[in-house]
Every structure is written in structure tokens, then in C-alpha cells.
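*Asks:* sequence and predicted model, in that order:
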Amino acid sequence: MWIYITRRLLWLPVLLLMVSAVTFTLGTYGPGDPVRVMLGTKYDEATAERLRSSLGLDRPVMVQYADYVSGAIRGDFGESLRYRGRSVGSLLVSKMWVSFQVNLAAMFVSLSIGLPLGFWIAHKQGTWLDPAVVASTLVLMSIPIMVSIPIVLWGLCLKLSLVPCSGWGGFFDLRIIVPAITMGIPGVAGLARLMRASTLDVFGQDFIRTARAKGLSERYIDIRHVLRNAIIPVVTILSFSLAGMLTTGFITERLLGIPGVGDFAIQAIFNRDYPVIMAFTLILSTAFVLANLLADIAYSLIDPRIRFS
Amino acid sequence: MDTSISNKGHLSRAFTRLCHKKIAVACLVVIMTIYFLGIFAPLIAPYGYNEQDYQSIRKGPTMEHIAGTDLKGRDVFSRVLWGIQNTVIITLVTILTGALLIGVSLGLISGYYGGKVDSIIMRIGELFASFPDILLVILLAATLKPRILNVVRWIEDNTLLDGVVKSGVADYLVISLALVSFSWVGMARLVRGQVLSLKSSQYVESAQATGASTSRILFIHLLPNAIGPIVVMVSMGMGTLIGTEIILSWLGLGIQPPRPSLGTMLLEAGSISALRVVPWMLIAPGIVAWSLVLCWNLFGDAMGDVLNPRTR
């Protein structure tokens, strides 16, 4: 187990080096000249040359890459080409904080619907309710987010005028409701299924039979014995999915005008703001690899039958 | 024991089990209908995708335009049909080349030969898998697009082929390439696992002993055993693939206007101003996108149940 973890962690820097190399190559040999984008209509050869050399873009590619990597190791991701004078790090951190809040709200919606639902349908196993609820959560899960957002907006904002249609005002603002619902609902299906399976698992345990044999009330068994045991694996697995929450929201952010990191990254791709793209892919890749590793470890702690080699 | 009979028995049993699942059958019917409508869009669509009806601009659903018209007076229903065609072509091309051709063959190679070849292929796969996939696809599509357009223009200039750019082939290529680049990894891993578990079995050893060629062992002896999981993986992945294609065209990286795609139609219909004025524009593309993704998900689930050896 420890050997497995060490090997995965040692592999991480190699992987990041490769990811950065691929992104860097795409950036350097990709189309579009960042200098041209930056200058826009004020473009002329002399200014462009000066800018290019002040940014270090006229050096050999290998030198630029080596320079970037040594900076990135020290946590310096360079300066945004689009927003002059702002460091990529500070730009990304503030945007990520917004996305994180949106995702947190969405996760709250998923949890508060998914967990009780899964727990409840586990009790209805064998009746028509069980497959019906599972199927209807799947129906909700499959709705593409660019369809669900307009539907919710049309209802809540245009017809009922309950919430403002777009914008961002922080975690305790009415405007977080629409993204929380539309991003949270798809997660309900997975959570409910997980919770259902986990609850059914606990139902089959000996200690539940013992509790029944002692003559405890069903309600007491449910709360004291079943729920507490069933929720452990769900929460463990869930806590590690937090890392993956930074990327998924760019459609929501674009449609609702939320200044999050997803939309920012997409903009950076279209603006050829390569320092931002590089930093974002590196951060996300690290988060992905670490989250996968943690999830693997969590699974193996929950289910000792899983062995790594 | 005649193996061919028991093999047939397995697949036909799986098919019978599938027919017992009403939801799966219903989904298959929906999928086939939508694909049929899309593939034969030129014959079925009542109007052309760029045909404007100046008499009925921004009209809700009527008998003439059953899904209404958009801001330019174009028939939404016809445009949805043409949009389905694009989605169908792109997703089928991606599945056939990315998942089936590249994924399966790399999986076979890396599982059968093992050693260095195996670790190189799997490390490359890991590299692709560690990118946040949707971001990689967008990055690829955005950087590839002008390159591919240049290549296609060059071909147009230097050969007798004409109107290639206009036909949208380049757009198809860009999206398919971007989608292929991450869709092979899962398939390669799956096939590799299957091959690894069967490689040292006695029947493969005896085939090797009788002097069967490597390609014979791979394609006659090993591949048929992986068909079940491959079918499950493809049908489970289609929903996600269609979703990704819609996202790409939503971002403007896919088929270029005036050719319609489900993504661009959803983009046009999804803004607040469009919702205020022409809310019906969302209905047709929304229902099609939703039911395609849903039905593939449900169908994939059912295929998993039916073909999974543990629940057989």
C-alpha cells in the first residue's frame, strides 16, 4: 500500500512535466500571436518587437520552457498576457474561490436531496418505487446543463421573478440559487444510488439483525445503526470529489455571468493567454491526480478486499 | 462441447434479456428514431437549414413550422434535424476511429506484448487521462482549427477538389480529432485488461503451440472475448460523447454557422433575451439533446446489466 502511494506520488512530477510540455508546445506552435492579441489595433512592427523582447518571447523555445518550469516550481506562474501587470497566480486564486463557492452550494443541493432519497428508496426495495425513483434521478442527471439553466431561469427569473437573472453576489446572495440547483441536481442520481447501495449493504449486516432481535424500534435502528454506518463510505468518497469541482462549471458561469475560473480559462484559450492556460492545466492536473489517489486510498480503507500492486 | 453453439447461446441469451427490459427497448427505439431523422435530414426536413420565411419571423409553433421559427425566420424543426445529422456523424466517426480502431488495437498490442510497449502506451494514456478532459478537448480544438483549415485550403488550391471548406469537412475533422484524442484511453485500458486476463489461459497457449500467428490469436481468440465489455463501454460512453460534442459546438468550436448544430442552437436559445422573446426555440433542440443523452445512458446501463458476466 505505502509502496503504491509512494510510486504514484513520485510519478506526479513526471506527469506534470509532460502535461506542461504538451500545453507549452500547443501554445508555442499553436496559431495566434499573443503579442498581436495584446496590441490589437495599435499593432506595428517596432512596438511588437519591443514587447516581444520585454516578455522574453523572442528567446529559444527550450529556454522559455525551462524558465517557465523553474518559475512554476517556485509557485510563480508568470504574468497574464491579457490582464497586464496581474500575476496569473493571484488572478486564478480569486476566480477559483468564486467557482469553489458555487460548487459548494451545488454540492449542498446534491447532498441534501441525494442522501435522504437514497436512504429512503433503500427501504422500498422490491416495490415499484425503487426502480421508479432511480430512473427519474437518471432522467434529471441526463439533462444537459445548457438546457437546464434556461429552463430554470425561465421559471424562476422570468415567470416568477424570484431571483435576478444573472450576476454574482457571493455565497449568501439570491443569485447563487440557479447555479446551485442546475449544477446540484445532476449529482443527485449518483449520490442516491451510492447511498441506496450502501444502506442495503448495512441492512444485510449481522448487527442489524441483533438490534432487531433486541426488540429495538425500527426507527431507532434506522437512525442509530443503519444511517450512521451507511453514510461513512458515501461521505469519504464525496470529500475527495471536491478537487474535481473546479472545472465543471464553465457553461454555468458563462450563461449566468459568474466570474469563476472555468469561464476564465475558456476565455484564456480563446485569447491565447498561454500563461493562464498553462497554470490552470497544471493546477487541475495536480488536483485530479491527487484526488484520484485519495479516492483510491479511501476505497481501499473502506473495502479491505481491494489491494494495490 | 461445441463452443460455437454456446457462444451463440451467450449472445442470443443476452439479446433475449435485453428485450425483457422495457426501458432499454424504448430507449433503443428513441435513439434509432432520432438517428434516422438525423441521417435522412435532407429528405425529411420540410425546409432547408438556411431557408428564411419572411412571412413568419419569430413565430411560435404553428402548423407550418411545428417547432416555431427563429429570429431570422428559419424553421427550428428543420434546423434541429440538420443539427442531429452533425452530432450523429461526429459521434459515430469518433467512436469508430477513436474508441474502436485506436483504442482496441492499442489495448490488444499493449496487453499481448507487455513489457516496454505496454508501459509506453499506458503512460501516454495516463498523460491524456490526467488532463482535465473537457479542457484538453477545447484546447486542442482551438489550436488545431486554424491549422486544419490551412491544410484543407491548401488541398483545395492544389487539387481539383473544390468547396471542401464550405462543406464543413474541416469542422468535422477538428471536433473528431479533439474528441478522439481522449476517447481511446478508456477503451485501450479495458481491452488490455481483458487480454491480460486471457493471455495465459490454456486455449491461448494451445493456439500458440499449434503455431497460430499473432494476428490470428489476437483477432480470432482474444478479441471475441472482449466484445461484451467493449459493447457495454461504447454504449455507456455515447451519452457523454454526445454531451461533449454539444458543449464544443456550444462554445463555437464546432460546425460553423449558418450550418446548424444542437450546441449553437441551444446557445442561441439559452440567453435571457432569447428566453424573453422566443422561448419556444429552446424546446426542440432541448428535447432532442436531453433524450439522446438520457436514452444512451439508460441503454448503456441496461447493456451493462445484460452483458455483465456476474449478473448473468
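*Replies:* On my side now, so go ahead.
*Asks:* got any ranges where the stretch 151-300 of chain B has weak pLDDT?
*Replies:* Scanning the stretch 151-300 of chain B for pLDDT under 70 picks out B:160-167.
*Asks:* what pLDDT does residue 115 get?
*Replies:* All of this refers to chain A. On the pLDDT scale, A:Leu115 is placed at 90.
*Asks:* not quite, go with chain B.
*Replies:* 84.
*Asks:* what's the answer for the one 10 residues further on, then?
*Replies:* In this prediction, B:Gly125 carries a pLDDT score of 85.
*Asks:* now do B:Thr33
*Replies:* Looking at B:Thr33, the pLDDT reads 94.
*Asks:* helices of the stretch 1-150 of chain B, start to end?
*Replies:* For the stretch 1-150 of chain B, the helices defined by DSSP state H, counting those that start in this stretch occupy B:3-20, B:22-39, B:41-44, B:76-94, B:105-113, B:115-130, B:133-158.
*Asks:* ok, and does the second one reach over to chain A?
*Replies:* Yes: figure legend: helix B:22-39 in contact with chain A (CB under 8 Å from any CB of the partner chain); contacting residues B:Ile23. Placement of C-beta: from N, CA and C, glycine included.
*Asks:* buried residues in that helix?
*Replies:* Residues of helix B:22-39 classed as buried: B:Ala24, B:Cys27, B:Leu28, B:Val30, B:Ile31, B:Ile34, B:Tyr35, B:Leu37, B:Gly38, B:Ile39 (neighbour count, 16 or more other CB atoms under 10 Å in any protein chain shown).
*Asks:* which residue packs closest to the residue in the stretch 201-312 of chain B that chain A sits nearest to, ignoring adjacent ones?
*Replies:* Of all residues in the stretch 201-312 of chain B, B:Leu294 sits closest to chain A, at 3.7 Å by CB to the nearest CB. Closest residue to B:Leu294 apart from its sequence neighbours, by CB to CB, 6 or more residues apart in numbering or on different chains: A:Ser142 at 3.7 Å.
*Asks:* please apply the same query to A:Met183.
*Replies:* A:Ala106 (3.7 Å).
*Asks:* how about A:Met195?
*Replies:* In space, A:Met195 is closest to A:Gly118, 2.7 Å off (CB to CB, 6+ apart).
*Asks:* thinking again about what came up before, which other helices and strands does the helix or strand hosting the residue of the stretch 201-312 of chain B closest to chain A contact?
*Replies:* If you go by DSSP states H and E, B:Leu294 is part of helix B:283-307. Judged by 3 or more CB pairs under 8 Å, 6 or more residues apart in numbering or on different chains; DSSP states H and E, helix B:283-307 is in contact with helix A:129-141, helix A:145-153, helix B:3-20, helix B:22-39, helix B:76-94, helix B:223-250, helix B:262-270.
*Asks:* next, the contact list for whatever residue of the stretch 51-200 of chain A ends up closest to chain B, please.
*Replies:* Nearest to chain B in the stretch 51-200 of chain A, going by CB to the nearest CB, is A:Ser142, at a distance of 3.7 Å. For A:Ser142, the contact set (CB atoms under 8 Å, 6 or more residues apart in numbering or on different chains) comprises B:Gly239, B:Trp290, B:Val293, B:Leu294, B:Asn297.
*Asks:* give me the number of residues near the closest residue to the last one other than its chain neighbours?
*Replies:* Think B:Asn297. Sequence neighbours aside, B:Gly239 is the residue nearest to B:Asn297 in space, at 4.3 Å (criterion: CB to CB, 6+ apart). B:Gly239: 22 surrounding residues under other CB atoms under 10 Å in any protein chain shown.
*Asks:* next, the angle from the host helix or strand of A:Leu92 to helix A:129-141.
*Replies:* Using DSSP H and E, A:Leu92 sits within helix A:88-123. Interaxial angle of helix A:88-123 relative to helix A:129-141 (axes from the mean of the first three to the mean of the last three CA atoms, to 10 degrees): 160 degrees.
*Asks:* for helix A:88-123, packing partners?
*Replies:* helix A:129-141, helix A:177-203, helix A:228-239, helix A:250-256, helix A:261-271, helix A:274-302.
*Asks:* need the residues that contact the shortest one.
*Replies:* Pointing back at helix A:250-256 there. A:99, A:102, A:145-146, A:149-150, A:166-168, A:175, A:178-179, A:182-183, A:258-260, A:262-263, A:265-266, B:247, B:250, B:270-271.
*Asks:* in PyMOL, how would I select just the buried ones from these?
*Replies:* Entered in PyMOL, the line below selects the buried ones among these, by 16+ other CB under 10 Å:
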select buried, (chain A and resi 99+102+145+146+149+150+168+175+178+179+182+183+258+260+262+263+265+266) or (chain B and resi 247+250+270)
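*Asks:* show me the residue sitting in the middle of chain B in space.
*Replies:* In chain B, the residue lying closest to the centroid (CA atoms, centre = their mean) is B:Thr91, at 2.5 Å.
*Asks:* I'd say that one and B:Met238 touch.
*Replies:* Yes: using CB atoms under 8 Å, B:Thr91 is in contact with B:Met238, at 6.7 Å.
*Asks:* count of neighbours near the spatially closest residue to B:Ile109 that is not a sequence neighbour?
*Replies:* Sequence neighbours aside, B:Val117 is the residue nearest to B:Ile109 in space, at 6.3 Å (criterion: CB to CB, 6+ apart). Per other CB under 10 Å, the neighbour tally for B:Val117 reads 14.
*Asks:* and the gap between B:Val117 and B:Leu108?
*Replies:* 11 Å (CB to CB, to the nearest Å).
*Asks:* now swap in A:Gly167 and tell me
*Replies:* For A:Gly167 relative to B:Leu108 (CB to CB), the value is 53 Å.
*Asks:* list the buried residues of stretch A:206-220.
*Replies:* A:Ile208, A:Ala211.
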